[in-house]
Every structure is written in structure tokens, then in C-alpha cells.
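Asker: how does the following fold in three dimensions:
(2 chains)
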Amino acid sequence: MTSPAQIQANRRNARRSTGPRTPLGRQASSQNARRHGLTASPPPDGILSHLRAITGDPSAKPEAYLASPTGAAALALATAEARLDQARAHAATVAARQPMQALREEVEMVADTLLDPEFRFDLEAQVSGQRLLLRLENFAALDDERSLRSARRHLSEAHAARRKALLNYMRLMT
Amino acid sequence: MSNTTPHALAALTTPDEDTGELEALIAALTAELDPRTHLERRQVELIAHAEWEISRHRRLSAGLLTSETERIRSHIAEAEASRQSLSNFRNPNAPPPEPPGPERTGEFAARAYANGLNFHAHHELSTERLEARRRQLLRDFHELQSRRERAAAADAEMVTE
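Answerer: Alright, predicted model coming up:
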């Protein structure tokens, strides 16, 4: 159990804690856990341009659309469209990424070593080399799969949210 | 006319893809489906993007299969040459080994497919998912179109009354 002296010492130490103090530092550290920003609100510019295109009103302002159910549905659709744009761009970035280039090079190096005449007939080297290859390939595949799966999940969610907003908007417009 | 700017289209393509081809695909679908409103045009653009992604998955899968088949072919050719060099010690007059012929391409392709099974399964599943999404987008597009036509017909009736 923690003794009173330890509790006091913990409290004294906690007072000396060095977290970010300036507004700039706090703002920077507030983004520490940010990964891709896809779950955050989409950019206001994107929402506004979609809202203006959906309503056909070049001077539309989001606040004015909250009053009526149709306006709120248009705003929800514009938000969903902006979120979908973000998710599509992120998915394309993940698709364009060079998957673990360093690891791929290592896999090729091990594969080439195993073909080397010095090791080709060395059973022990072949077995351990093949095991290493399998582990490296599995690791590379797992990393690629993880980012792809995350991008795909966000894209599917954005499509589903957009469809829901679209159907709601269509229902209210007729 | 597409809703998406060339800059936004560039964000949807990978560096090895041609944005012009995606634009041409959107233009072809626009000509075929004849969207009239912003939402219809957006729907057409999303359908085109789904098609684009389907072709990307097919291309990646085919590319992987081709390169892996070639890698296996060259490895087997190398292994056979090495085996031949050993047997040449015993029989120096033996003919030089022949590289694996085209009749073995099927065998190499099957091995290449098995080697990259995870990747091929990923591309196949993604293609299926995207095809389902494309069907749904197309259904929603037709729903938008028919609602617009019904509204236009109702307006015309009111005018005649």
C-alpha cells in the first residue's frame, strides 16, 4: 500500500510536472494523438462549397440553413460530401504509398543470399533463411494491410454517411 | 461537366495513374447517363471513381502476378542451369540446358498466385466490394433522376391546370 510519505512525494513531483505551458505548445501537443484527421470535422471550406453547389445558392451560409429541416438536411449532406472527399483523398494516398520499401529491400537481399552458391547447399542456412523470409514478408503484409484496412473502413463509413444524408435530403425535397 | 476540379482529381489518383484518363472516364459516363443537377453529376463522378478503383485493383493484381511469374521462371532457369553444371562434371558432352518454355507458364503463374495469395485475395475482395458500391451508386442515381422527372411532370401538370 502507498505510504503517506509516498503520497506526499508523488504530489510534490506532480507539481513539478513539465507539460506544455504556452498556448503554442498546448496547441502543438493537442495534435500529438492525431493520425489522419479523418474522424475530425471536415474543413469548413469544403462544407461551404458543397452546400452552395447542392442548394444552388452561391452566397449560402451554413448558419442560415439550420433553421428548416430541408436546410439542415442540405447542410448534413454537404458535411457528408466534404468528409467523403477527405476519405477518398486519404485512400488514394495510402494506395500510392511505397509499402515498407526498406523491408522489401531486406526481403530481396535475404532471397538473393539464399541463392548464393556458398549457401545454396547449406541446409541449415536455407532453413533459417526461409524462416526469416517468411517472418519479414508477413510483417510487411501486416503493415500494408493495417493501413489499407483503416483507409477502407473510413471510406466505407464516409460513403454510408453520405448515402444516408442523400436519402434524407431526397425524402425531404419531394 | 464534372463537379471535380483537376486538382481534386489529382488527389484521387496515384503517381503512376493518368488524371486525364479519369477525366475521360467521367466525361464518358456523363455523356451516357446525362446528369442534370449537381447531385446527379456528383453521383456520376462517384460511379466513375468506383470504376477507376476497380481497374486499379485489377491492374495491381495482374502486375503482381506477371512480375512474380517472371521471377519464378528465372529462378527455375537458374536452378536448372546449376544442376546441369554439376552433371557436366560426369558427362561433359551433355547438351546445354534449355530455358523453361512457354508451356510451363501456367505452372509458374499458379505458383506466383499461391505466393501472393494474401495480396490477390485483398484485391479480389476490394473489387467485389467496389462493384457492390458502384451498383448502389447507380441505383441512387436512377432514383435521383426519376424523382427529378416526377417533380418536373408535376410542375408541368400544375402549369396546364
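
Asker: could you give me the average pLDDT of stretch A:114-123?
Answerer: Averaged over stretch A:114-123, pLDDT sits at 80.

Asker: run through who's touching it.
Answerer: The contact list for stretch A:114-123, computed with CB atoms under 8 Å, 6 or more residues apart in numbering or on different chains, reads A:113, A:125, A:126, A:129, A:130, A:133, B:75, B:78, B:82. For the C-beta atoms, the positions are set from N, CA and C on the backbone; glycine is no exception.

Asker: one more pass at 10 Å, please.
Answerer: With CB atoms under 10 Å, 6 or more residues apart in numbering or on different chains as the test, stretch A:114-123 has contacts from A:113, A:125, A:126, A:128, A:129, A:130, A:132, A:133, B:75, B:78, B:79, B:82.

Asker: so how far is it off the chain centroid?
Answerer: 43 Å (CA atoms, centre = their mean, to the nearest Å).

Asker: in it, what's buried?
Answerer: Neighbour counts over stretch A:114-123 (16 or more other CB atoms under 10 Å in any protein chain shown) mark residue A:114 as buried.

Asker: from start to finish, how long is that stretch in a straight line?
Answerer: End-to-end distance for stretch A:114-123: 10 Å, by CA to CA, to the nearest Å.

Asker: which pair of the contacts of stretch A:114-123 spans the longest distance?
Answerer: Spatially, the most separated pair among the contacts of stretch A:114-123 is A:132 and B:82, at 22.4 Å (CB to CB).

Asker: remind me, longest helix of chain A?
Answerer: Identified as the longest helix of chain A according to DSSP state H is helix A:123-173.

Asker: now find how far off-centre that one is within its chain.
Answerer: Centroid separation for helix A:123-173 versus its chain: 11 Å, with CA atoms, centre = their mean.

Asker: which secondary element of chain B has the worst mean pLDDT?
Answerer: helix B:6-12 (a mean of 68; mean pLDDT, DSSP states H and E).

Asker: cool, and chain A?
Answerer: Per mean pLDDT, DSSP H and E, helix A:101-115 ranks last in chain A, at a mean of 75.

Asker: which residue is nearest the middle of chain B?
Answerer: Using CA atoms, centre = their mean, the residue of chain B that lies closest to the mean C-alpha position is residue B:55, 1.8 Å off.

Asker: now the angle from the longest helix of chain A to helix A:101-115?
Answerer: Counting by axes from the mean of the first three to the mean of the last three CA atoms, to 10 degrees, helix A:123-173 lies at 150 degrees to helix A:101-115.

Asker: which SS state does the residue nearest to residue B:39 when sequence neighbours are not counted fall under?
Answerer: Leaving aside its chain neighbours, residue B:39 sits nearest to residue B:144 (5.8 Å; criterion: CB to CB, 6 or more residues apart in numbering or on different chains). The three-state label given to residue B:144 by DSSP: H, G, I helix; E, B strand; the rest coil is helix.

Asker: neighbours of residue B:144, how many?
Answerer: When neighbours are counted by other CB atoms under 10 Å in any protein chain shown, residue B:144 registers 19.
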